[in-house]
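[1] Below: sequence and its predicted model.
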Amino acid sequence: MAAAQGKPIDLHTWSTPNGWKIPIMLEECGLPYRVIPVNIGKGEQMAPEFLKISPNNKIPAIVDPDGPGGEPITVFESGAILQYLGRKTGCLYPKDERARVAVDQWLFWQVGGFGPMLGQTHHFKIYAQEKIPYAIDRFEAEARRLYGVLDGQLAKSEYIAGAYSIADVATLTWAKFHGKQGIDLSGFANVRRWLDTVLARPAVQRGLAAI
């Protein structure tokens, strides 16, 4: 159940796997929000005004006018935002400590490994002007390994950490682009089943369409 929210949350983001995580979470929680596009292709993330919100010049970032104690708060880094919104609303983030640890460890697996490694795969396969076979092979191999880890976990559970949670929200926006990473999901049946399920959620579809 979403917490009561008066003024909308300002969401500074762009249409990237990391950028889509937060509108999905906001939609899942039923929180009002306003998208403020940050066009990273034009370098808008380097603007001094954005630096005040996100010191690392990365999207996404939020400004919640109804933060702790009723005072505004800024939050940057997608994992931190997901945890903040989960604590604020009780949505997709369990209060039970054992269940929360299960969610946190898979959330950190995504933000520390799955996302960055797949991002490198995107870069060297698609965007790098010079195609370096060693780099492409290295990151494609790591992508396959990580999909194997995910598939193994999903063989034991419908969702990544038991019930549907912020760990799924964090991971699905990267797994959605498996083709760009050179990954054929025919070899990862559990990931395919899970991805079809989460992408069919109305809040996920609304969040993906928000940017």
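    That came in fine, so what should we check first?
[2] Distance from the chain centre to the longest helix seen in the chain, please.
    Taking DSSP state H as the criterion, the chain has its longest helix at helix 133-154. Its chain's average C-alpha position is 18 Å from that of helix 133-154, according to Cα atoms, centre = their mean, to the nearest Å.
[3] which residues touch it?
    106, 109, 113-114, 117-118, 120-121, 124-125, 128, 160, 171, 175, 178, 181-183, 185, 188-191, 193-194 (Cβ atoms under 8 Å, 6 or more residues apart in numbering). Bear in mind the C-beta positions are built from the backbone N, C-alpha and C, glycine included.
[4] same thing with stretch 35-45?
    10-14, 16, 23, 50, 54, 57-59, 210-211.
[5] Which ones among the residues you listed lie within strands?
    10-13 (DSSP state E).
[6] just the buried members of the contacts of helix 133-154?
    106, 109, 114, 117-118, 120-121, 124-125, 160, 171, 175, 178, 181-183, 185, 188, 190-191, 194 (16 or more other Cβ atoms under 10 Å).
[7] Report the two of the contacts of stretch 35-45 separated the most.
    57 and 210 (21.9 Å; Cβ to Cβ).
[8] returning to what we had before: closest to residue 29 among the ones in strands among the contacts of stretch 35-45?
    Closest to residue 29, out of all of these and judged by Cβ to Cβ, is residue 11, at 12.4 Å.
[9] what sits against that closest one?
    22-23, 26, 33-36, 60, 62.
[10] Among the buried ones among the contacts of helix 133-154, name the ones in helices.
    Short answer: those in helices (DSSP H) are 106, 109, 117-118, 120-121, 171, 175, 190-191, 194.
[11] Which positions in the host helix or strand of residue 87 come out as buried?
    Assigned by DSSP states H and E, residue 87 belongs to helix 78-89. Of the residues in helix 78-89, 78-79, 81-86, 88-89 count as buried by neighbour count, 16+ other Cβ under 10 Å.
[12] circling back: could I get the ones in helices among the buried ones among the contacts of helix 133-154 as JSON lines with distance to residue 137 and pLDDT?
    Output for these, formatted as JSON lines (distance: Cβ to Cβ, whole Å; pLDDT from 0 to 100):
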{"residue": "106", "distance to residue 137": "27", "pLDDT": "98"}
{"residue": "109", "distance to residue 137": "23", "pLDDT": "98"}
{"residue": "117", "distance to residue 137": "13", "pLDDT": "95"}
{"residue": "118", "distance to residue 137": "15", "pLDDT": "95"}
{"residue": "120", "distance to residue 137": "12", "pLDDT": "94"}
{"residue": "121", "distance to residue 137": "10", "pLDDT": "94"}
{"residue": "171", "distance to residue 137": "24", "pLDDT": "98"}
{"residue": "175", "distance to residue 137": "21", "pLDDT": "98"}
{"residue": "190", "distance to residue 137": "25", "pLDDT": "98"}
{"residue": "191", "distance to residue 137": "21", "pLDDT": "98"}
{"residue": "194", "distance to residue 137": "27", "pLDDT": "98"}
